[in-house]
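Peer 1: Need a 3D model of the sequence below.
(2 chains)
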Amino acid sequence: MQQLPLQLQPKESCTFKSFFSGSNQLAVDILRDIFNDNGEQQVFLWSAEGLGKSHLLQAACQLASSQKMTASYLPLDQMPGVTTDILQGSECLDLIAIDGLDAVLGNDEWELALFSLINQARESMVRLVFAAEKPPAELMINLPDLRSRLSWGPVLQLKSLSDDEKRSALQRRAANRGLELPDNVAAYLLQHYPRDLFLLYQNMDKLDQASLVQQRRLTIPFVKEVLVAGS
Amino acid sequence: MSDTIWLACLQALEDTLTEQQLNTWIRPLHAIEETNSLSLLAPNQFVLNWVKGNYFSQIQTIVKKISKSDDYNVNLTVGSQKKTTVKREFNRNLPDSLAERLQQVTRTKPAEAAIDSPAESFVSNLNPNYTFEQFVEGKSNQLACAAAKQVAETPGQAYNPFFIYGGVGLGKTHLMHAIGNQILQTNPNAKVAYLHSERFVSHMIKALQHKMIDEFKQYYRSLDALLIDDIQFFARKNSSQEEFFHTFNTLLEGNRQIILTCDRYPKEIDGLEDRLKSRFGWGLTQAIEPPELETRVAILHKKAEEHGLVIPDDTAFFIAKRIRSNIRELEGALRRVSATARFTGSEINIEFAKEALKDLIAQHDKQVTIENIQKTVAEYFKIRISDLLSNRRSRSITRPRQIAMALSKELTNHSLPEIGAAFGGRDHTTVIHACKKVIELRESDMRIDEDYKNLYRILST
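Peer 2: Numbers count the residues shown, from 1 in each chain, chains lettered A, B, ... in the order given. This is a model prediction of the structure:
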């Protein structure tokens, strides 16, 4: 009989602590510092998908909340039907983190709303963090006023982790779940499955679940069995 | 005031909601706890509706459980308690501003939330940091700056309206604020209002919705100086233009100062009524050009000083040479260098800046290529790229060719032999000659100077 695990898996919270920074430490440091006196009022993060932009933006929101401040995380690429009304009253907030910025660019109404948001945020000292797949200079923006404003603060590219760093990130995630991920199994995961960290984490979660159900340790045969069955 | 109930509620929600749900819908809520009630203020109706529809009953249940009282009330409204400290700095202790009042009527504020409201303050919205002392003068802006100082000394008299135009991020807004701040310094009772044209439009719409259009008119027409930024956003907003036209006339007749900025010359604003275009030209119209290298260096030093930083000259030159598009980007680059230095405990020098700005510089170099310059110049002068590379010596070809070479020297880091080679295998001395010729021509022929500036603007932004 198969044992059903209780759904008590620790939720992977998006905090700075749970972010494996690798060569992206500067982005972490800058965001961690945004509410301090010398902190940046505006930060722009860019990279391909799956390198941790959303995690960092949400970590900044979590930081705001932990300091009894208000924060709003707006993943515009995942909010179909959202209108610019969501930006109303932004001056009341302490932090606005806009993710998936690319999704609304080219739309005049959105560009104007974002332009106004930056102006107002600067007046009201609201912190802004943007994330997109490209830097401001390469985004498809119609409004030059918006493009220049997006470059006002530091523009930082998130770099992909090296394989060694990914291995360490996986092992850390496993350890957080009370699992041991041996070096050879981590290496196997990196050699035989997609190396995008997001997908690696997904595989890790599947393995975690399966190891709980089957009461088995993480070995290469087990990985083969679970991930093939899972796929 | 204790906020333990809300904190406990947040913790309980953390166990049931995803991180994204919390960050998007719950963390924007501002909580105000009273003895027997919890008021949750949403920043806008959109968030309010979503929270109401999806999480409110859950919040109510949790709060009742934590408070151990069935009488404990949870209210959800749109509003805010946050009154920014910066706004308070702007407060000039003048009568209530319409902007602030309109903001208040558009939010259903609970009584508690209004406690902190600076009801008796006039919010000029001027940024106190934007002064003439902080403005870096250079060739590109000295005329505009001199005129601005004159306007500040004799508001409503010297140049009215004062119209500043130029590309994005070149300091138009700074200059505008500097005038406003100077006027207030001379006369602290002056009613000076700075706002972006978008804000003017939205105030007007809100005033119409709340039947406060008379107050709106009275407010704007009673100012001593009205500063409106980025007037190009009035384009195609006919009723706003109509209202602005009357405000404009009233202020001008009363010798009140009007200062406007725009990204282009008044006559070039599409979608703007002719009568406004012509009125904008009644006073003085001044352009701000992209700053030249020396000014960019001076700006960097000034900005560094503002942040308590010292950057060596050669480092400032290095950054300024590579970031040419606008001052905002220059500031962004400086912030990046300073943050990197702060977190790595490094000293700022040229090698450090090179490393810190590696990707930004790579992007810039990618954007402005000789090929791109040739293509843009050819399109601008309506000739073919092959003409630029050919041996043809007619003036209609040599002038664009010389301009393209000069721009290649200015905007790329290619060596002169490389530039010469890219223009049909010419010698580097030809490039030197072209650059000299363009300098001479720009001084003697306004039209060529204008062409050069236009092309520079197109290529560097």
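Peer 1: Show me the shaky parts of chain A.
Peer 2: A:1-12, A:229-231 (pLDDT under 70).
Peer 1: Do a quick rundown of the strands in it.
Peer 2: In chain A, the segments counted as strands under DSSP state E are A:42-46, A:71-75, A:95-99, A:127-132, A:155-157.
Peer 1: what's the closest of those to chain B?
Peer 2: Nearest to chain B among the strands of chain A is strand A:71-75; the distance by Cβ to the nearest Cβ comes to 3.4 Å. C-beta: built from backbone N, CA, C; applies to glycine.
Peer 1: Indicate whether the closest one makes contact with chain B.
Peer 2: Yes. With Cβ under 8 Å from any Cβ of the partner chain as the criterion, chain B is reached by strand A:71-75 at A:71-75.
Peer 1: Mind pulling up the pLDDT for B:A339?
Peer 2: pLDDT recorded at B:A339 is 93.
Peer 1: show me the contacts for it.
Peer 2: Residues in contact with B:A339 (Cβ atoms under 8 Å, 6 or more residues apart in numbering or on different chains) are A:26, A:29-30, A:33, A:40, A:154.
Peer 1: Can you add distance to chain B and neighbour count and give those back as a markdown table?
Peer 2: Below are these laid out as a markdown table (distance: Cβ to the nearest Cβ, whole Å; neighbours: other Cβ atoms under 10 Å in any protein chain shown):
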| residue | distance to chain B | neighbour count |
| --- | --- | --- |
| A:L26 | 6 | 19 |
| A:D29 | 4 | 16 |
| A:I30 | 5 | 25 |
| A:D33 | 8 | 17 |
| A:E40 | 6 | 22 |
| A:P154 | 4 | 25 |
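Peer 1: quick one on the thing from earlier: can you lay out the strands of chain A as TSV showing mean neighbour count?
Peer 2: Below are the strands of chain A laid out as TSV (neighbours: other Cβ atoms under 10 Å in any protein chain shown):
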stretch	mean neighbour count
strand A:42-46	25
strand A:71-75	25
strand A:95-99	26
strand A:127-132	24
strand A:155-157	22
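Peer 1: Ramachandran coordinates for A:D37?
Peer 2: With angles defined as degrees, to the nearest 10, A:D37 sits at phi -60, psi -40.
Peer 1: B:I59 contacts B:N73, doesn't it?
Peer 2: No. Applying Cβ atoms under 8 Å as the test, B:I59 and B:N73 come out as separate, 11.8 Å apart.
Peer 1: the more surrounded of those two?
Peer 2: Applying other Cβ atoms under 10 Å in any protein chain shown to B:I59 and B:N73 shows that B:I59 carries more neighbours, namely 22 against 14.
Peer 1: Which residue ranges of chain B form strands?
Peer 2: B:30-33, B:37-42, B:73-78, B:162-166, B:192-196, B:225-229, B:257-262, B:284-288.
Peer 1: contacts for the third one?
Peer 2: Residues lying outside strand B:73-78 but in contact with it, judged by Cβ under 8 Å, 6+ apart, are A:89, B:36-45, B:48, B:51-52, B:56, B:59-60, B:63, B:107-110.
Peer 1: ok, of the residues you listed, which come out buried?
Peer 2: Buried residues within these, defined by neighbour count using 16 or more other Cβ atoms under 10 Å in any protein chain shown: A:89, B:37-45, B:48, B:51, B:59-60, B:63, B:107, B:109-110.
Peer 1: Tell me the residues of the stretch 101-250 of chain B that contact chain A?
Peer 2: Residues of the stretch 101-250 of chain B found near chain A (Cβ under 8 Å from any Cβ) are B:107, B:125, B:127, B:167-169, B:196, B:198-199, B:230, B:233.
Peer 1: pLDDT added to those, as TSV?
Peer 2: Shown next, in TSV, are these (pLDDT from 0 to 100):
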residue	pLDDT
B:R107	40
B:N125	82
B:N127	87
B:G167	87
B:V168	86
B:G169	87
B:H196	88
B:E198	85
B:R199	84
B:D230	91
B:F233	88
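Peer 1: Buried ones among these?
Peer 2: B:107, B:125, B:127, B:167-169, B:196, B:198-199, B:230, B:233.
Peer 1: now, the most widely separated pair of those residues?
Peer 2: Pairwise distances among those were taken by Cβ to Cβ; the largest, 36.4 Å, belongs to B:R107 and B:G167.
Peer 1: Let me see the contact set for the nearest residue to B:D71 once chain neighbours are set aside.
Peer 2: In space, and not counting its chain neighbours, B:D71 is closest to B:N36: 6.1 Å by Cβ to Cβ, 6 or more residues apart in numbering or on different chains. Counting by Cβ under 8 Å, 6+ apart, B:N36 touches B:69, B:71-73.
Peer 1: Kindly report the same for B:V136.
Peer 2: Counting by Cβ under 8 Å, 6+ apart, B:V136 makes contact with B:171, B:291, B:295, B:298-299, B:302.
Peer 1: Give me the buried entries from the residues you listed.
Peer 2: Applying 16+ other Cβ under 10 Å to the contacts of B:V136 flags B:171, B:291, B:295, B:298-299 as buried.
Peer 1: Relative to chain A, which of these is nearest.
Peer 2: Ranked by distance to chain A (Cβ to the nearest Cβ), these are led by B:G171 at 11.8 Å.
Peer 1: Name the spans of chain B whose pLDDT lies under the cut-off.
Peer 2: Residue ranges of chain B with pLDDT under 70: B:1-3, B:82-123, B:365-367, B:461.
Peer 1: Please parse chain A into its domains.
Peer 2: A:6-157, A:163-229 (automatic domain parsing).
Peer 1: Point out the most buried one among these.
Peer 2: domain A:6-157 (a mean of 19; mean count of other Cβ atoms under 10 Å in any protein chain shown).
Peer 1: How far off centre is that one?
Peer 2: Relative to its parent chain, domain A:6-157 has a centroid offset of 10 Å by Cα atoms, centre = their mean, to the nearest Å.
Peer 1: How much space separates B:H414 from B:H428?
Peer 2: 11 Å (Cβ to Cβ, to the nearest Å).
Peer 1: of those two, who's got more company?
Peer 2: The neighbour comparison of B:H414 against B:H428 (other Cβ under 10 Å) goes to B:H414, with 17 against 14.
Peer 1: which residues touch that one?
Peer 2: Counting by Cβ under 8 Å, 6+ apart, B:H414 touches B:370, B:408, B:422.
Peer 1: For B:L175, see how far away it is.
Peer 2: In this view, B:H414 and B:L175 are 34 Å apart by Cβ to Cβ.
Peer 1: can you check A:L105 too?
Peer 2: Applying Cβ to Cβ to A:L105 and B:L175 gives a distance of 29 Å.
Peer 1: what do you get for A:A132?
Peer 2: Between A:A132 and B:L175 the computed distance is 31 Å (Cβ to Cβ).
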